[in-house]
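**Student:** sequence and predicted structure, then a few things I'm wondering about:
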Amino acid sequence: MALRQTYARRKRQRAEAGNAKMFREKPVGNKLLTQLFQTFEVIDAQFSYENKMIDKLAVALREEIGVLSLANQRDLSKDFAVWWFNERQPYPTDEEHDMRLSAIELACEIGLQKAAQMDRLAGMAHSRSRASPAVNNAVNVINERMLEDGFGFQFQNGQLIEITSEFTYAEVIEPTLTLLANPLFEAADDEFRDAFEEFKKRNYEDCIADCGNAFESVIKVIAAQKGWDDVKPTDPASKLIEALYRHDLIPSWMQEQMKGLKSMLQGAPTVRNKEASHGAGAAPRKISKELAAYQLHQTAAAMLFLVSQSELA
């Protein structure tokens, strides 16, 4: 009989495997393949029949792979479609997967280039082209779909980049998740992972609230493990942060040199208090993706510092 996959077992397996990643690298998966293909068709629809993006994409991929056809189909669009959906799951080869990533990058690149060309031609003819706004919006949709699905890539500055290769993720987010895999920080780990899930789903207000909860949970665990009797479970973030200084988790000699640290630590709950944990009132509130991303990174940096300083993980 298989062992029950309890939370503790999943967490231990994740820690043992060093798997703290919040994004997968492969496979693309049937759902995302379909959503991306539908967006490719939206881009394709901006251009005339003889100037289709998917046809250009199929030709470019044939050249890159070094084959006369992708899936033995004479029609270029059909050749691409059959090849695109023929992903070997759940374990595509590295070469197969890399070419699908190249296809995503090329679709965005070709679409944007063709839209810019149409805009220039329209300008010369003193007419107006709507291609660029439509294609730019489609590229944004591609990024949103990948993020929502937990697929760790984004199209930025003309290239498809791996999210986990970015400095902030590699040097802050991932090490924080690794430290939170310690069973002591179970609640904070859940809350911070929930924040990531809410970010992927574009629930930015909930993301910020979960970040604040995770931050407070980390301090409460440290206080409990260190035996700080003056820290209560109901204390707000401001009192919890004061306790860090009062109990010299941040040594006195560091406090003078690191005056900015207190501001950084206070920044994590401050964004939550101002933006997410109080009612919106009469006017609907819209929290930006940029603010939520900033809060994720700020909270991770603060928790990474505190857990490392506490020597509990």
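**Tutor:** Arrived safely.

**Student:** C-alpha from now on. contacts and neighbour counts both.
**Tutor:** Fine.

**Student:** what is the burial count for residue 56?
**Tutor:** With neighbours defined by other CA atoms under 10 Å, the count for residue 56 comes to 17.

**Student:** burial count for residue 89?
**Tutor:** Neighbours of residue 89 under the rule other CA under 10 Å: 12.

**Student:** what's the next secondary structure element after the strand or helix carrying residue 178?
**Tutor:** Element membership for residue 178, per DSSP states H and E: helix 174-180. Next along the chain after helix 174-180, taking DSSP H and E as the criterion, comes helix 186-200.

**Student:** ok, and what's touching that following helix?
**Tutor:** Helix 186-200 has contacts (CA atoms under 8 Å, 6 or more residues apart in numbering) with 22, 147-150, 177, 180-181, 204, 206-211, 213-215, 217-218, 289, 292-293, 296.

**Student:** show me those that map onto strands.
**Tutor:** Among those, none falls in strands (DSSP state E).

**Student:** give the ChimeraX command for selecting the buried subset of these.
**Tutor:** In ChimeraX, this line selects whichever of these come out buried by 16 or more other CA atoms under 10 Å:
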select :22,147,148,149,150,177,180,181,204,206,207,208,209,210,211,213,214,215,217,218,289,292,293,296
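
**Student:** quick one on the thing from earlier: list the buried residues for the helix holding residue 178?
**Tutor:** 174, 175, 176, 177, 178, 179, 180.

**Student:** which of these lies closest to residue 121?
**Tutor:** residue 174 (46.8 Å; CA to CA).

**Student:** please tell me how far that closest one sits from residue 311.
**Tutor:** To residue 311, residue 174 is 18 Å away according to CA to CA, to the nearest Å.

**Student:** ditto for residue 117
**Tutor:** According to CA to CA, residue 117 and residue 311 sit 58 Å apart.

**Student:** one more: residue 197?
**Tutor:** Residue 197 is 28 Å from residue 311, by CA to CA.

**Student:** who has more neighbours, these two?
**Tutor:** Higher neighbour count among residue 197 and residue 311: residue 197, with 20 against 8, using other CA under 10 Å.

**Student:** pLDDT score for the more buried one?
**Tutor:** Predicted confidence (pLDDT) for residue 197: 89.

**Student:** so for the protein, the centremost residue is which one?
**Tutor:** Centroid-nearest residue in the chain, with CA atoms, centre = their mean: residue 147, separated by 5.4 Å.

**Student:** check what pLDDT that residue gets.
**Tutor:** Residue 147 is assigned 92 on the pLDDT scale.

**Student:** now do the one 3 residues further on
**Tutor:** The predicted local confidence for residue 150 comes out at a pLDDT of 90.

**Student:** which non-adjacent residue is nearest it?
**Tutor:** residue 23 (4.9 Å; CA to CA, 6 or more residues apart in numbering).

**Student:** shouldn't the one you found be in contact with residue 151?
**Tutor:** Yes. With contact defined as CA atoms under 8 Å, residue 23 and residue 151 form a contacting pair (5.5 Å).

**Student:** neighbour-wise, which of those two wins?
**Tutor:** Legend: neighbour count by other CA under 10 Å for residue 23 and residue 151, higher for residue 151 (22 against 18).

**Student:** ok, now which ones touch residue 221?
**Tutor:** Counting by CA under 8 Å, 6+ apart, residue 221 makes contact with 184, 185.

**Student:** nope, residue 143 is what I was after
**Tutor:** The contact partners of residue 143, taken as CA under 8 Å, 6+ apart, are 153, 154, 155.

**Student:** Throw the residues you listed into JSON lines and include distance to residue 307, neighbour count and secondary structure, thanks.
**Tutor:** Formatted as JSON lines, the contacts of residue 143 follow (distance: CA to CA, whole Å; neighbours: other CA atoms under 10 Å; DSSP: H, G, I helix; E, B strand; the rest coil):
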{"residue": "153", "distance to residue 307": "29", "neighbour count": "21", "secondary structure": "strand"}
{"residue": "154", "distance to residue 307": "30", "neighbour count": "21", "secondary structure": "strand"}
{"residue": "155", "distance to residue 307": "33", "neighbour count": "19", "secondary structure": "strand"}
